[in-house]
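1. Sequence unavailable; structure follows:
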């Protein structure tokens, strides 16, 4: 029976020392104390990025095919993240349907790739909060188009980012009843509109602070509603550029165990210096991707880098930072019964790293 050994094991139920992790048929079968040499300094559950746009070389929305999905999985694994949801941003209905079909086929043929589904970001977003999304593709929710997307994508879309103020309650309920997790993002919803959406059953926002109506003491907006609502999960891009670390600290105090980490990376590895897809453009400047309008066009951060920033800038314990990038995103999507922990019958997919928070890799 194969096994690995580690000086410290972060299980997301606690921290164990000097352990051997045995596994069989891809599942953890036993943990035991270990007295010999160690294969790794630290082992943790595999990380899960619920929002990533491209790999090292290709961007999913512009090239929604097998080559891009292989690139995204490989680049994520090389940076230390095993599970991921490629993001498909606002585009034509033909591109959306093609991307969903490609992803469905890819997942069927590559069940161990770590790609668990798609994060559909758009196209029903508020124009004033579109960020880098192309305005020409933004549109109001249409029953027939929603039905088309659900027919092709209900088994592959895990998260669908929408601006709820554009929808009827019936439309929102139709999507939620399909099993898809709705997320509020690129939205100009008022505090009251946001809370109405949350009360309907939406329990996720897309990227806290970014592309949402801001907090004001007389108008708390979507930011205020997300911070206050006890059932709402709040992912955050912790690169120090998409939001100030002070704002992230406020979110950490307000959301507690409902805050988790995403990359929202346009590309991983900082190899890609510039990119163009139709009118969407981006250039890597000072560690961030900026478009010609001066807007952020996605991050360049990896989840392990976000973990390091959580430890260094939010003063989170390391075990909490790891949980924010593994168990919590799984919980937000109702997947924590089968991933996000090192425990019996959980997948034998792990994150390994050295004692000084270096050399993050998937094993």
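-> All right, it came through fine. Small disclaimer: the values here were computed from a predicted structure and weren't measured.

2. What lies in contact with stretch 352-363?
-> 4, 6-7, 40-44, 46, 77-82, 302, 304, 307-308, 311, 318, 349-351 (Cβ atoms under 8 Å, 6 or more residues apart in numbering). All C-beta atoms are positioned from the backbone trio N, CA, C, and that covers glycine.

3. how about a cut-off of 7 Å?
-> 4, 40-43, 46, 77, 80, 82, 304, 308, 350-351 (Cβ atoms under 7 Å, 6 or more residues apart in numbering).

4. State the mean pLDDT of that stretch.
-> Stretch 352-363 shows an average pLDDT of 95 in the prediction.

5. Quick one: distance of that stretch to the chain centre.
-> Distance, stretch centre to chain centre, for stretch 352-363: 20 Å (Cα atoms, centre = their mean, to the nearest Å).

6. re earlier: buried subset of the contacts of stretch 352-363?
-> Buried residues within the contacts of stretch 352-363, defined by neighbour count using 16 or more other Cβ atoms under 10 Å: 4, 40, 42-43, 46, 77, 80, 82, 304, 308, 350-351.

7. now these in TSV, with distance to residue 67?
-> Shown next, in TSV, are the buried ones among the contacts of stretch 352-363 (distance: Cβ to Cβ, whole Å):
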residue	distance to residue 67
4	32
40	32
42	33
43	32
46	24
77	16
80	22
82	20
304	25
308	31
350	27
351	26
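
8. so which of those would you say is closest to residue 252?
-> Proximity of those to residue 252 (Cβ to Cβ) peaks at residue 308, which lies at 15.1 Å.

9. on that earlier part again, and the furthest pair within the contacts of stretch 352-363?
-> 4 and 308 (23.0 Å).

10. So which of the contacts of stretch 352-363 belong to helices?
-> 77, 304, 308 (DSSP state H).

11. give me phi/psi at the residue nearest to the first one when sequence neighbours are not counted?
-> Right, the one you point to is residue 77. Using Cβ to Cβ, 6 or more residues apart in numbering and skipping the chain neighbours, the partner closest in space to residue 77 is residue 362 (4.7 Å). Phi and psi for residue 362, reported as degrees, to the nearest 10, are phi -90, psi 140.

12. where along the stretch 1-150 of the chain do the helices fall?
-> Here the stretch 1-150 of the chain has its helices, by DSSP state H, counting those that start in this stretch, at 66-79, 93-109, 143-153.

13. Which among those is found nearest to residue 271?
-> Smallest distance to residue 271 across the helices of the stretch 1-150 of the chain (Cβ to Cβ): 9.0 Å, for helix 66-79.

14. Need the helices of the stretch 1-150 of the chain in TSV (columns: distance to residue 197).
-> Shown next, in TSV, are these (distance: least, Cβ to Cβ, whole Å):
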stretch	distance to residue 197
helix 66-79	30
helix 93-109	22
helix 143-153	16
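
15. possible to save those helices as CSV with mean pLDDT and distance to residue 355?
-> Formatted as CSV, the helices of the stretch 1-150 of the chain follow (pLDDT from 0 to 100; distance: least, Cβ to Cβ, whole Å):
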stretch, mean pLDDT, distance to residue 355
helix 66-79, 98, 19
helix 93-109, 98, 36
helix 143-153, 98, 43
